[in-house]
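Enquirer: The sequence and its predicted three-dimensional model are supplied below.
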Amino acid sequence: MKYALYLGCAIPIKYPGFEAATRKVCERLGIELVDLPFACCPPPTSLKMVHYDSWLALAALNLCRAEEAGLNMMTLCSGCVNTLKEANHTLKKSDSKRRKVNRILEDQKHHFKGTIEVTHILDVLYQDSVIEKLIKEKVQDLPIRIGCHYGCHYFRPPKIMYPEELSESESYVPVKMDHLLSIIGMEPTEYSRKFLCCGSPLGANTDKDAGYAIVKEKLRYIQERNIEALSVICPSCFEQFDMGQIALSRKFKNLAKIPTFYLTQLVGLSLGMSPKEVGVDVHRVKSKKLLEGIGIS
Amino acid sequence: MTVKIWNFFPREALYECYQCARCTGSCPALEVAPALGPRETILKCLNLGHDQVVEDEKLWVCCTCNVCEDRCPQKIPISDLLVALRNSAARRGNIPDKLKIAIELLAKTGRSMIVHQLDEMRAHHGLAPLLPVPIDEVREIFKKTRLDEVVEF
């Protein structure tokens, strides 16, 4: 099992701990990762809104680089997977858009062919063979009441993100993270408005406080169910919850904070890695007490 | 220069809207900020024409979460409409400052994040330095797509 690792911008630059955890977890589970010189995806929340043609062409460049290496792409971020999957889908389907993009790329000696697929680390880990290996390699259960937050761009629009897995009404309700976490002994817990946005793009593009107001709303539903920690698969969602709770607690003195983890950090802990190895020690909302409570230090 | 948004979005799709407001009722941005909301955006496009809509700053107050499109009983591709409207708005100078700065950074560096003391930080997590971005290719692409007509960099 071999993938071109698409790191994106936020993870290797802002949250290298997620990258470290992912690399170690993949190595243990027999997933080979190849590094290639990619550019920004670019985000569905910024460049796509401002200049669609530039967005599509830059996404095509990244897709071409993976195609040239003959590898499917594995992303670590909901935004990256959204851009790259949609661009891949659009360019495979539309002859006119593909021709236009290939005219832009021809001087750089790239040519989009449409030979690869784009996937997310969650879908990679969810494959049967990887789960079997995980069950064998697991050394520690993590009995924590965990709330999953998937990130809107990971699964919407479903007809592009998961065309093979749609329900009869053509909708898609993500469950893979919940299932995966139950395999490592966690207690995935449902909460109201689980698929409500984290508010990150709203904060980034227009109004930071409005973005955090959504976090506050989500936290209320999460704490209603006595959830002890959150699991995310996107660095923007992570920042929104981790930094967001610090920002909110300055304004609301009695705010109870809960730690947020990136998926592969939790998988790493269950494989016996230390909190420092998977990089949770640098998170703003600390998880030391929670982890010590289940015998991890 | 104006761009016809109907090159990017099928105008007839708007006539499918019966203003049920399921989209607007699901909109997280509208819960916390003065957003335009998808229902009103469509109505204004129909009644006033999209010219009026693209001049409105509230057009940008959005999570881009796609819930509106997901829940539309008429299956109107609302996200495509919003992308087309905002592309047109940006071209006319209606673009939030924060977004403009983000695009400038992306155009100059090929990344969406400012790199600062990166090697040390990555070494703390036992990681090798990050591979360089193929910046010449990125610049060449943006030159050809004429991104600078919309955002100067």
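Expert: Great, that's in hand.
Enquirer: C-alpha only now, for contacts and for neighbours.
Expert: OK.
Enquirer: What segments of chain A are strands?
Expert: Applying DSSP state E to chain A gives strands spanning A:2-6, A:32-35, A:73-75, A:118-120, A:145-149, A:187-188, A:229-232, A:260-262.
Enquirer: Direction included, what does the first one pair up with?
Expert: Right, the one you point to is strand A:2-6. Strand pairing for strand A:2-6, determined by DSSP bridges: strand A:32-35 (parallel), strand A:73-75 (parallel).
Enquirer: so can I have JSON lines of those strands showing mean neighbour count, mean pLDDT and distance to residue B:24?
Expert: As requested, those are exported to JSON lines (neighbours: other C-alpha atoms under 10 Å in any protein chain shown; pLDDT from 0 to 100; distance: least, C-alpha to C-alpha, whole Å):
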{"stretch": "strand A:32-35", "mean neighbour count": "15", "mean pLDDT": "98", "distance to residue B:24": "42"}
{"stretch": "strand A:73-75", "mean neighbour count": "26", "mean pLDDT": "98", "distance to residue B:24": "31"}
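Enquirer: Residue B:63: which of those strands is closest?
Expert: Among the strands paired with strand A:2-6, strand A:73-75 comes nearest to residue B:63, with 21.2 Å by C-alpha to C-alpha.
Enquirer: who touches the closest one?
Expert: Strand A:73-75 is contacted from outside by A:3-8, A:66, A:81, A:116-121, A:124, using C-alpha atoms under 8 Å, 6 or more residues apart in numbering or on different chains.
Enquirer: From residue B:76, how far out is residue B:82?
Expert: Per C-alpha to C-alpha, to the nearest Å, residue B:82 is found 11 Å from residue B:76.
Enquirer: Would you mark the buried spots in stretch A:104-113?
Expert: A:104-105, A:110-113 (16 or more other C-alpha atoms under 10 Å in any protein chain shown).
Enquirer: Quick one: distance of that stretch to the chain centre.
Expert: Here stretch A:104-113 is found 29 Å from its chain centre; the criterion is C-alpha atoms, centre = their mean, to the nearest Å.
Enquirer: now do stretch A:132-147
Expert: Centroid displacement of stretch A:132-147 relative to its chain, using C-alpha atoms, centre = their mean, is 19 Å.
Enquirer: can you tell me which of the strands of chain A comes nearest to residue A:282?
Expert: The nearest among the strands of chain A, by C-alpha to C-alpha, is strand A:260-262 at 11.2 Å.
Enquirer: Tell me the most packed of the contacts of strand A:73-75, by neighbour count.
Expert: residue A:6 (30 neighbours; other C-alpha atoms under 10 Å in any protein chain shown).
Enquirer: quick one, what contacts it?
Expert: A:35-36, A:38, A:73-76.
Enquirer: Then residue A:49?
Expert: In this structure, residue A:49 makes contact with B:82-84, B:86-87, judged by C-alpha under 8 Å, 6+ apart.
Enquirer: tell me, which of the residues you listed make contact with chain A?
Expert: Checking these against chain A by C-alpha under 8 Å from any C-alpha of the partner chain, the ones in range are B:82-84, B:86-87.
Enquirer: Sort out for me which of these are in helices.
Expert: Taking DSSP state H as the definition of helices, the ones next to chain A among the contacts of residue A:49 contribute B:82-84, B:86-87.
Enquirer: Can you pull out the low-pLDDT segments for chain B?
Expert: For chain B, the stretches with pLDDT under 70 are B:1-3.
Enquirer: mind listing what residue B:57 touches?
Expert: B:94-96.
Enquirer: Quick check: phi and psi on it?
Expert: Phi and psi for residue B:57, reported as degrees, to the nearest 10, are phi -60, psi -30.
Enquirer: Pick out whichever of the contacts of strand A:73-75 sits closest to residue B:5.
Expert: Residue B:5 lies nearest to residue A:81 out of those, by C-alpha to C-alpha, at 26.0 Å.
Enquirer: and the gap between that closest one and chain B?
Expert: Using C-alpha to the nearest C-alpha, to the nearest Å, residue A:81 is found at 14 Å from chain B.
Enquirer: is the nearest residue to that residue once chain neighbours are set aside in a bridge, and if so with what?
Expert: Leaving out its chain neighbours, the residue that sits closest to residue A:81 by C-alpha to C-alpha, 6 or more residues apart in numbering or on different chains is residue A:75, at 5.8 Å. Residue A:75 has the following beta-bridge partners by DSSP bridges: residue A:6, residue A:120.
Enquirer: my guess is residue B:14 meets residue B:75, correct?
Expert: No: the criterion here is C-alpha atoms under 8 Å, and residue B:14 misses it with residue B:75 at 10.4 Å.
Enquirer: Which one's more surrounded, these two?
Expert: Neighbours around residue B:14 and residue B:75, counted as other C-alpha under 10 Å, are more numerous at residue B:14. The numbers are 18 against 13.
Enquirer: Give me the distance between that one and residue B:38.
Expert: Residue B:14 sits 11 Å away from residue B:38, taking C-alpha to C-alpha as the criterion.
Enquirer: Walking through chain B, point out its helices one by one.
Expert: B:22-26, B:28-32, B:38-47, B:50-54, B:67-71, B:78-91, B:97-109, B:118-124, B:135-145.
Enquirer: any idea which of the ones you listed is most buried?
Expert: helix B:78-91 (a mean of 23; mean count of other C-alpha atoms under 10 Å in any protein chain shown).
Enquirer: can you list the domains in the chain?
Expert: No chain in the question, so chain A it is. A:2-121, A:141-293 (automatic domain parsing).
Enquirer: Wait, chain B was what I had in mind.
Expert: According to automatic domain parsing, the domains of chain B span B:5-91, B:97-149.
Enquirer: can I get these in a markdown table with distance to residue A:50?
Expert: Listed next are those as a markdown table, based on distance: least, C-alpha to C-alpha, whole Å:
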| stretch | distance to residue A:50 |
| --- | --- |
| domain B:5-91 | 5 |
| domain B:97-149 | 8 |
